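1. from the sequence below, what's the structure:
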Amino acid sequence: MGRQHWKKIWVGSAGNMVEWFDWFVYASFATYFAGAFFPSGNPTAQLMNTAGIFAVGFFMRPVGGWLLGRVGDRKGRKAALTLTVTLMSASAILIALAPTYAVAGYGGALVLLVARLLQGLSVGGEYAASATYLTEASDPRRRGFASSFQYVSMTAGQIVGLGLQIILQRTMSDGALHSYGWRIPFVVGALGAAVVFYLRRSMLETEVYEEDTSHAEERGTLRALWRHRREAFLVVALTMGGTVAYYTYTTYLTKYLSNSAGLSKETATLVSFTALIVFACLQPLAGALSDRIGRRPLLITFAVGSTVLTVPIMTLLKHADGYWPALGLALLALVVVTGYTSINACVKAELFPTGVRALGVALPYAVANALFGGTAEYVALWFKKAGIESGFSWYVAGCAAVSLVVYVAMRETRDLDLARVRDRTDSSLTTAS
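-> Numbering: from 1, shown residues only. Here you go, the predicted model:
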């Protein structure tokens with residue numbers, strides 16, 4: 001892979017890392033600021049309130065996917081990526097300055113809600129713009145490897161967030177963290193976004209986009225996407241199981257270990273931090289493997305593993321009595337999830353022609369995340385509050401089983417030429433070869 005390709009991947013990944021740092025910091029620090037925006041009472045109820053606002057951000061992602069996907073297809077991948085990081089910076093500043101319940105009543109929660117709506121808009125476009133950019137910018141023979149850096153950067157954002165949380169936990173008192181310390185990561189996120197904004201202003205557009213000869217008025221339109229509705233529905237279905245499993249073992253894991261398994265917040269955070277470092281390192285390896293054996297084998301392996309292993313893993317995690325047992329189980333889960341995360345970006349981008357690729361990835365992916373990924377934590381806490389916490393494990397396994405059917409039926413996309421994916425009314429990509 002040439003130097004120019006690496007430069008494009010680095011700039012796209014750096015911005016993605018900051019975007020997801022801000023996105024996940026909300027989830028990882030929720031245990032500290034849940035009581036700041038809502039009346040005192042049941043800790044689980046407070047977490048459900050913050051998780052509900054977390055889910056609202058996901059419901060804005062389809063809107064962001066449509067708006068920013070359209071920008072990406074009509075104005076270029078660079079324009080969309082620059083706009084997404086601007087929105088994310090604004091949302092981070094809002095959360096950092098939001099007044100507490102003691103100061104402004106539910107006014108602080110309203111500010112928090114507005115910030116999450118902005119984040120939803122931003123991330124709704126960021127995923128597709130980043131997936132499209134990384135896939136188009138890479139060597140055609142190494143698209144799986146290159147696009148895997150999307151989840152490397154996403155996970156790196158969470159690792160930095162968790163690392164900052166560990167530092168704050170060790171240098172500040174618990175009272176200080178609940179009082180004002182939780183604001184620090186959002187300030188850091190806003191500063192990081194400003195740096196990435198500068199980097200993205202000078203980034204290079206992809207050759208595939210610049211050489212696209214499709215009609216300008218058709219680019220990024222819902223009408224053009226409708227001609228590829230089968231691929232769009234395929235994106236929703238193949239995302240369903242993967243996004244639920246991913247958010248279960250990343251954003252929700254720390255809360256599960258502390259709120260259900262009874263581990264200290266510090267131990268739960270350290271388990272997630274260590275597991276995510278290993279997880280990030282696995283992504284390029286699995287992406288490179290898909291360039292050799294294809295995308296479907298990895299997707300099928302993920303779905304089978306998640307369907308069969310989710311219930312026993314979650315059950316054992318609930319009874320984990322220390323760092324090492326919890327870490328071992330978390331790593332097993334994340335190894336399984338790698339079959340999806342490492343290649344899902346390029347698989348989706350490979351389904352659509354250049355003129356509708358960003359929108360084609362963005363909108364159906366955002367819909368799937370709004371329905372399944374964004375609600376995963378809330379559903380988990382609902383099952384816990386209802387006294388049937390094990391029901392969530394079966395829910396995750398069921399979602400993976402649905403996606404398994406799709407993976408088995410879909411056609412391999414590894415060898416497709418991105419510049420020659422046809423703009424057609426009826427596609428055969430969803431038919432098994």
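
2. buried residues of stretch 92-107, list them for me.
-> By 16 or more other C-beta atoms under 10 Å, the buried positions in stretch 92-107 come out as 92-96, 98-101. (Glycine included, C-beta is placed from N, CA and C.)

3. send the alpha carbons of that stretch over as PDB?
-> The C-alpha coordinates for stretch 92-107 follow below in PDB (Å, rounded to 0.1, in the frame of the first residue of the first chain):
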ATOM      1  CA  ALA A  92     -18.900  18.100  23.300                       C
ATOM      2  CA  ILE A  93     -18.800  21.700  24.300                       C
ATOM      3  CA  LEU A  94     -22.500  21.700  25.200                       C
ATOM      4  CA  ILE A  95     -22.100  18.600  27.500                       C
ATOM      5  CA  ALA A  96     -19.000  20.100  29.100                       C
ATOM      6  CA  LEU A  97     -21.000  23.300  30.000                       C
ATOM      7  CA  ALA A  98     -24.400  21.700  30.800                       C
ATOM      8  CA  PRO A  99     -25.900  22.900  34.100                       C
ATOM      9  CA  THR A 100     -26.800  20.200  36.700                       C
ATOM     10  CA  TYR A 101     -30.300  19.400  38.100                       C
ATOM     11  CA  ALA A 102     -29.500  21.300  41.300                       C
ATOM     12  CA  VAL A 103     -28.700  24.500  39.300                       C
ATOM     13  CA  ALA A 104     -31.300  24.400  36.400                       C
ATOM     14  CA  GLY A 105     -33.700  21.600  37.200                       C
ATOM     15  CA  TYR A 106     -34.400  19.600  34.000                       C
ATOM     16  CA  GLY A 107     -32.800  22.400  32.000                       C
END
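
4. pLDDT (mean, whole number) over that stretch?
-> Stretch 92-107 comes out with an average pLDDT of 84.

5. for stretch 28-42, same thing?
-> Mean pLDDT, stretch 28-42: 74.

6. the stretch 301-433 of the chain: helices as residue ranges?
-> Per DSSP state H, counting those that start in this stretch, the stretch 301-433 of the chain has helices spanning 323-341, 344-349, 357-368, 376-385, 390-409. These are given in chain order.

7. name the helices or strands packed onto the longest one?
-> What it means is helix 390-409. Helices and strands touching helix 390-409, by 3 or more C-beta pairs under 8 Å, 6 or more residues apart in numbering; DSSP states H and E, are helix 229-249, helix 296-318, helix 376-385.

8. and of those, who's closest to L222?
-> Closest of the helices and strands packed on helix 390-409 to L222 is helix 229-249, at 10.2 Å (criterion: C-beta to C-beta).

9. for the stretch 301-433 of the chain, give me the ranges with low pLDDT.
-> 422-433 (pLDDT under 70).

10. thinking again about what came up before, nearest to F352 among the buried residues of stretch 92-107?
-> Among the buried residues of stretch 92-107, A92 lies closest to F352 (C-beta to C-beta), at 31.0 Å.

11. that closest one contacts G189, correct?
-> Yes: contact criterion C-beta atoms under 8 Å: A92 and G189 qualify, at 4.1 Å.

12. now for the two: what residues contact both?
-> Residues touching both A92 and G189 (C-beta atoms under 8 Å, 6 or more residues apart in numbering) are D22.

13. circling back to that earlier point, if you compare the helices and strands packed on helix 390-409, which one is most tucked away?
-> helix 229-249 (a mean of 24; mean count of other C-beta atoms under 10 Å).

14. what packs against it?
-> The contact analysis (3+ C-beta pairs under 8 Å, 6+ apart) places helix 229-249 against helix 296-318, helix 323-341, helix 344-349, helix 357-368, helix 376-385, helix 390-409.

15. noted, bye for now.
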